[in-house]
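Peer 1: give me the fold of what follows.
(chains A and B)
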Amino acid sequence: MKFTAIAAISSIALSSATSAIAGPEAEVLHWWTSGGEAKSVAVLQKEFADNGGTWTDMPVAGGGGDAAMAALRARVLSGNAPTAVQLKGPAIQEWYEEGVLADISSVAEAQGWSAVLPASIAGHMKCEGSWCAAPVNVHRVDWIWANASVLEANGIDMPSTWDEFNAAAEKLQAAGIIPLAHGGQAWQDATVFEAVALGILGANGFHKAFVELDEETLTSDAMVAVFDQMRKMRGYVDPNFSGRDWNLATAMVMNGEAAFQIMGDWAKGEFMAAGKVPGEDFLCLSTPGEGFLYNVDSFAMFAVDGEDKTQGQNLLAELIVGQNFQKVFNLNKGSIPARTDVALDEFDTCAHISAADMSASSLSGSLLPSYAHGMALRGAQSGAITDVVTAHFNSDMSSAEAVAQLAKAVANSY
Amino acid sequence: MEFPMSEWLENHLPKIVLAPSFIAVLVFVYGFIGWTAWVSFTRSKLLPKYEIKGFIQYEKLFASPRWDTAFENLFVFGALFIIIAMVVGLLLAIMLDQQIRTEGLIRTIYLYPMALSMIVTGTAWKWILNPGLGLEATIKGWGYNDFSFDWIVNSEMAIYTIVLAAVWQSSGFVMALFLAGLRSVDGEIIKAAQVDGIPTWRIYTAIIIPSMAPIFLSAFIVLSHLAIKSFDLVIALTGGGPGYSTDLPATYMYAMAFSRGDIGQAASSAMIMMLVVFTIVVPYLYSELRTKNDG
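Peer 2: Numbers count the residues shown, from 1 in each chain, chains lettered A, B, ... in the order given. Below is the predicted model:
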């Protein structure tokens, strides 16, 4: 009996070993190394192994992906690209132009991706018409988070216009509460800025300004109004905000020190981790104005040699967009699935709002890429805009001057 | 047969031993300087390209307000840092030179910040200068409610907090340099001056300090290269903020190369940094070499 058991085990080990050699292989470069993110990647890793694949993990932490990009550059230059790389937005197209991406259209067509992904998100995954990347999740950026009991104690409702927001902020300030929890880092300034811009410029104006870089819109009176509102926002943060990390700002809302935070839905993860309940302890609502700013993580597929690796790439792409992974991953990460046909029963109320708004705005054409999170523009252009936004927010620059600088910086960034 | 071989070896051994490091320096220092210079004349973005396009990257660089701030900061920071660190270091050295009893202990205390990395210095000063945590909060806590010290969150003043932390870090080292210089001045001359009844401050200003000129030059060279390559202190203390008001050329270059995928901009800013270093170092080397030849 014992003998047969050992024989059985060794034969299983043997068979799995042989299948590992012949089966699909994938080397995956990513920077999801912290708590919830690492857990989310482990889900994909396990699914890949369950389907007979061999996963070589290549996590490169640090600098919000900067270190991973440096590693990627070195690998591509030495002619040895990883199978799949965590990339997003226009960066995918930039790498495509270097001629190093693979075509995974066969998988995408077999799985019917175009039927289940919103059109504007699918657009990011295509390189000149053929599929070259697989979307993982959708983060919404234009959220406003609030402490429910602080709002109740001061008789304030969630604001639906920026004027209401300003009125609420002044009321809170008079009551000795910090209206807006904010961290003075360039990307956080840009996050608030794009939420304000979406509200004031509208979906159409936002697209013109931050996707098309239309000079007329960038220098319009509406843009001056956006900077005017930013100047007001500057007055609603505490004097101590410089350099603060976003999760510390979220903690200020949690403990009632501050009332609101404008941040993407990764902030929800902080609330949840602290055991807060959406709708009871904290409130979520999209920032004033029509539209939906998305930040979609995805894996770009790089051209690789060898049948094992191509198989691995195709399997990986299939699993990433698969229903199961989309659900489990996004439950862990606080975002919503990129495909629209995943059952959302296990998701929280904020995720329900997000998913409903995504479908609605996809139909109305106001589903827009986030400029602050590198979805709308290439690094050099979005960086040039962020420089102006953060310089204006952190000094006494006038709105008119900021608009003039904005047009100049964009023109100078090509 | 054996004899000429060993003679040949004797003649060539130094060259053979030095060759690997010579080649390494040639390739990894001068070779890559040349590569960077080449790339700075191209339109490289995400990956390096080698088609020469002229001075476009330099034009863009000097049209960028962020680079203006970074370049200006280099001079503000560099000048203040070098001057203040030298003055503070000299004063500390002169005070320590008064044959006080606990000199060894005090010297160690002042020299100690040099043992810390700039990251530690930056992080510690970030907390000290944070208006809600550090000095300002403490003094307000004592009841002085009007006290305000918010340089680090004020984009006009934040660059001076970098100077403050850098001076704190380096002035002990400068003190040690000057102390060695003070001790090397001939005691006979000082005694002669004292016999003539010359006041102590005159002895320092007219005799001791002028005879320490080479030490000043060494201190200046050490401090100026610290200033130009400053990167870690800015990253730890302010992260370049508020806004980009405390950017230095080194942090600008890093942002362009690694965050923005704009290698051409990064290369051109690196070349400008190197030119700044050259304008400081070349006259120094020139004067050094000339005095040796004259001697």
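Peer 1: verify the stated contact: residue B:173 with residue B:115.
Peer 2: No: applying CB atoms under 8 Å as the test, residue B:173 and residue B:115 come out as separate, 9.9 Å apart. Placement of C-beta: from N, CA and C, glycine included.
Peer 1: between those two, point out the one with more neighbours.
Peer 2: residue B:173 (20 against 11; other CB atoms under 10 Å in any protein chain shown).
Peer 1: next up, the contacts around the spatially closest residue to the more buried one that is not a sequence neighbour.
Peer 2: Counting by CB to CB, 6 or more residues apart in numbering or on different chains, residue B:114 is the residue found nearest to residue B:173 once chain neighbours are left out, at 4.6 Å. The contact partners of residue B:114, taken as CB atoms under 8 Å, 6 or more residues apart in numbering or on different chains, are B:169, B:170, B:172, B:173.
Peer 1: among these, name the ones in helices.
Peer 2: Judged by DSSP state H, those include B:169, B:170, B:172, B:173 as members of helices.
Peer 1: filter the residues you listed to the buried ones?
Peer 2: B:169, B:170, B:172, B:173 (16 or more other CB atoms under 10 Å in any protein chain shown).
Peer 1: adding pLDDT, write these out as CSV.
Peer 2: CSV is the format used below for these (pLDDT from 0 to 100):
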residue, pLDDT
B:169, 91
B:170, 91
B:172, 90
B:173, 91
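Peer 1: quick check on residue 197: phi, psi?
Peer 2: In the absence of a named chain, chain A is used. In this entry, residue A:197 is assigned phi and psi values of phi -60, psi -40 (degrees, to the nearest 10).
Peer 1: in space, what's closest to it - neighbours in sequence excluded?
Peer 2: Going by CB to CB, 6+ apart, residue A:197 has residue A:226 as its nearest residue, at 4.9 Å.
Peer 1: quick one: stretch B:108-128 to chain centroid distance?
Peer 2: 15 Å (CA atoms, centre = their mean, to the nearest Å).
Peer 1: start to end distance for it?
Peer 2: Counting by CA to CA, to the nearest Å, you get 23 Å between the two ends of stretch B:108-128.
Peer 1: got the domain ranges for chain A?
Peer 2: Following automatic domain parsing, one gets these domains for chain A: A:2-138+A:296-353, A:140-294+A:363-412.
Peer 1: most tightly packed of those domains?
Peer 2: The highest mean neighbour count among the domains of chain A, using mean count of other CB atoms under 10 Å in any protein chain shown, belongs to domain A:140-294+A:363-412: a mean of 20.
Peer 1: run the chain-centre distance for that one.
Peer 2: The answer for domain A:140-294+A:363-412 is 15 Å, by CA atoms, centre = their mean.
Peer 1: end to end, how far does that domain reach?
Peer 2: End to end - CA to CA - domain A:140-294+A:363-412 spans 30 Å.
Peer 1: ok, residue A:190 touching residue A:370?
Peer 2: No: the pair residue A:190 / residue A:370 is not scored as a contact, 9.1 Å apart, by CB under 8 Å.
Peer 1: now do the SS call for residue A:389.
Peer 2: Counting by DSSP: H, G, I helix; E, B strand; the rest coil, the backbone at residue A:389 sits in helix.
Peer 1: actually residue A:354, not the one I wrote
Peer 2: Under the three-state scheme (three-state DSSP), residue A:354 adopts helix.
Peer 1: can you read off the pLDDT for it?
Peer 2: Residue A:354 is assigned 93 on the pLDDT scale.
Peer 1: which stretches of the stretch 301-414 of chain A form helices?
Peer 2: Counting by DSSP state H, counting those that start in this stretch, the stretch 301-414 of chain A has helices at residues A:307-321, A:323-333, A:349-364, A:379-393, A:399-412.
Peer 1: could you find the closest non-adjacent residue to residue B:67?
Peer 2: Leaving aside its chain neighbours, residue B:67 sits nearest to residue B:61 (5.2 Å; criterion: CB to CB, 6+ apart).
Peer 1: same question for the strand or helix carrying the one you found, mean pLDDT?
Peer 2: Taking DSSP states H and E as the definition, residue B:61 sits inside helix B:56-63. Computed over helix B:56-63, the mean pLDDT rounds to 92.
Peer 1: give the buried residues for that helix.
Peer 2: Buried residues in helix B:56-63, counted by 16+ other CB under 10 Å: B:57, B:58, B:60, B:61.
Peer 1: and the spatially closest residue to residue A:119 that is not a sequence neighbour, how many neighbours?
Peer 2: Counting by CB to CB, 6+ apart, residue A:119 lies nearest to residue A:362, which is 6.7 Å off, once chain neighbours are set aside. As a burial measure, residue A:362 scores 18 neighbours (other CB under 10 Å).
Peer 1: what about residue A:362, distance to residue A:123?
Peer 2: Here residue A:362 is placed at a distance of 11 Å from residue A:123 (CB to CB, to the nearest Å).
Peer 1: do you have the helices of chain B handy? List them.
Peer 2: Going by DSSP H, chain B shows helices at B:2-25, B:32-39, B:56-63, B:65-96, B:103-111, B:118-129, B:135-141, B:158-184, B:187-195, B:200-202, B:213-228, B:232-237, B:249-254, B:263-294.
Peer 1: what about the ones you listed, which gets the closest to residue A:111?
Peer 2: Closest to residue A:111 of the helices of chain B, according to CB to CB: helix B:263-294, at 36.7 Å.
Peer 1: centre-most residue in chain A?
Peer 2: In chain A, the residue lying closest to the centroid (CA atoms, centre = their mean) is residue A:295, at 3.1 Å.
Peer 1: what does the pLDDT read for that one?
Peer 2: Residue A:295 is assigned a predicted lDDT (pLDDT) of 93.
Peer 1: wait, it sits on residue A:139?
Peer 2: Yes: the pair residue A:295 / residue A:139 is scored as a contact, 4.2 Å apart, by CB under 8 Å.
Peer 1: quick one: which of the buried ones among the ones in helices among the contacts of residue B:114 is nearest chain A?
Peer 2: residue B:169 (19.6 Å; CB to the nearest CB).
Peer 1: so residue A:86, which of the three states?
Peer 2: strand.
Peer 1: residue A:32 is in contact with that one, correct?
Peer 2: Yes: counting by CB under 8 Å, residue A:32 is a contact partner of residue A:86 at 7.0 Å.
Peer 1: contact partners for residue A:301?
Peer 2: Going by CB under 8 Å, 6+ apart, the list of residues near residue A:301 reads A:83, A:84, A:101, A:102, A:104, A:132, A:133, A:134, A:313, A:316, A:317.
Peer 1: any chance of those in TSV, plus distance to chain B and pLDDT?
Peer 2: Compiled in TSV, the contacts of residue A:301 are given as follows (distance: CB to the nearest CB, whole Å; pLDDT from 0 to 100):
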residue	distance to chain B	pLDDT
A:83	19	92
A:84	18	93
A:101	13	92
A:102	17	92
A:104	21	92
A:132	15	93
A:133	16	94
A:134	21	94
A:313	22	92
A:316	23	92
A:317	23	93
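Peer 1: out of these, what pair is the most spread apart?
Peer 2: The widest separation within these (CB to CB) is 14.2 Å, between A:101 and A:316.
Peer 1: so which of the helices of chain B gets nearest residue A:270?
Peer 2: Among the helices of chain B, the nearest to residue A:270 by CB to CB is helix B:118-129 (22.3 Å).
Peer 1: gap between that closest one and the chain center?
Peer 2: That offset, for helix B:118-129, works out to 18 Å (CA atoms, centre = their mean).
Peer 1: next: stretch B:101-109.
Peer 2: 26 Å.
Peer 1: could I get the buried residue list for that stretch?
Peer 2: residue B:107.
Peer 1: got a list of contacts for that stretch?
Peer 2: Contact with stretch B:101-109 is made by B:96, B:100, B:175, B:176, B:179, as judged by CB under 8 Å, 6+ apart.
Peer 1: contacts only, for the second one.
Peer 2: When you say that, I think you mean residue B:100. Counted by CB under 8 Å, 6+ apart, residue B:100 has contacts residue B:106.
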